[in-house]
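Chemist: just need the structure, nothing else, for what follows:
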Amino acid sequence: MNFKLWLSEIRNNRKRLLIALLFIVLASFAYSLSGDYLTDHQGYVSAQDLILDHFGPYNLSFIFVWFFLFVGFIFFTYPIIFKPQELHYVLIMFSMFVIVRSGFIMFTHLAVPADAILPTFPGYFQVLNFANDLFFSGHTGFPFLGFLVFRKNKLISYFMLFSSILLGITVLLMHVHYSIDVFSAYFITYGIYVFGNKFVKK
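Modeler: Predicted coordinates:
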């Protein structure tokens, strides 16, 4: 995209971008609040899981960490560079996803399975990685949200769908999520997408 055209799109949507940034602030607050709650809360319980009982755990840390970060890079970089007129929409949808997930993980007191393989994220990203933030799976839901919001671009959309499936399988094989965390992520994320679209249109 021509830089002048890109700058023009940013200026034309500056009010929407300001609203989107407000949503980012709210999402950051909600995520921080849920992180503090998870850190302070006691009494998490483990559960039996049909899939985890028969498969793994396997060390797939590279996919869990680096491929997930790559998906996040694509999710934000694509609209910033190529679709600045839709950047506010992407940021609002992402913010809603974070806010809803922050609520769910505070209401669901499941402990990470005892045999889970817990990798470490690099640098600042590890600060954002909380223990027992299980329901629902962010590794599954986040790229699936990308599949939904980027549906006009088949290449990006199908990449996000593939990533969601791959990461969903990865977190199960590493035993860092229960199967209900992964399967429910698709339904809840779709609900966020539908509600978010109605909100943005209004």
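
Chemist: so what's the residue nearest the centre of the chain up against?
Modeler: With distances taken as Cα atoms, centre = their mean, the residue of the chain nearest its centroid is Phe142 (3.0 Å). Neighbour list for Phe142: 68, 71-72, 75, 97, 164 [criterion: Cβ atoms under 8 Å, 6 or more residues apart in numbering]. Yep, even glycine has a C-beta here, placed from its N, CA and C like the rest.

Chemist: out of the residues you listed, which is nearest to Gln85?
Modeler: Phe75 (16.8 Å; Cβ to Cβ).

Chemist: where along the chain do the helices fall?
Modeler: For the chain, the helices defined by DSSP state H occupy 3-12, 14-40, 61-62, 68-82, 87-107, 138-149, 154-173, 179-201.

Chemist: next, the angle from the longest one to helix 179-201.
Modeler: It stands for helix 14-40. Relative orientation of helix 14-40 versus helix 179-201 (axes from the mean of the first three to the mean of the last three Cα atoms, to 10 degrees): 150 degrees.

Chemist: quick revisit: would you mind putting the helices of the chain into CSV with mean pLDDT alongside?
Modeler: What follows is the helices of the chain, written out as CSV (pLDDT from 0 to 100):
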stretch, mean pLDDT
helix 3-12, 82
helix 14-40, 89
helix 61-62, 96
helix 68-82, 96
helix 87-107, 94
helix 138-149, 97
helix 154-173, 97
helix 179-201, 93
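
Chemist: possible to save those helices as JSON lines with distance to Asn132?
Modeler: What follows is the helices of the chain, written out as JSON lines (distance: least, Cβ to Cβ, whole Å):
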{"stretch": "helix 3-12", "distance to Asn132": "39"}
{"stretch": "helix 14-40", "distance to Asn132": "5"}
{"stretch": "helix 61-62", "distance to Asn132": "19"}
{"stretch": "helix 68-82", "distance to Asn132": "18"}
{"stretch": "helix 87-107", "distance to Asn132": "8"}
{"stretch": "helix 138-149", "distance to Asn132": "13"}
{"stretch": "helix 154-173", "distance to Asn132": "14"}
{"stretch": "helix 179-201", "distance to Asn132": "11"}
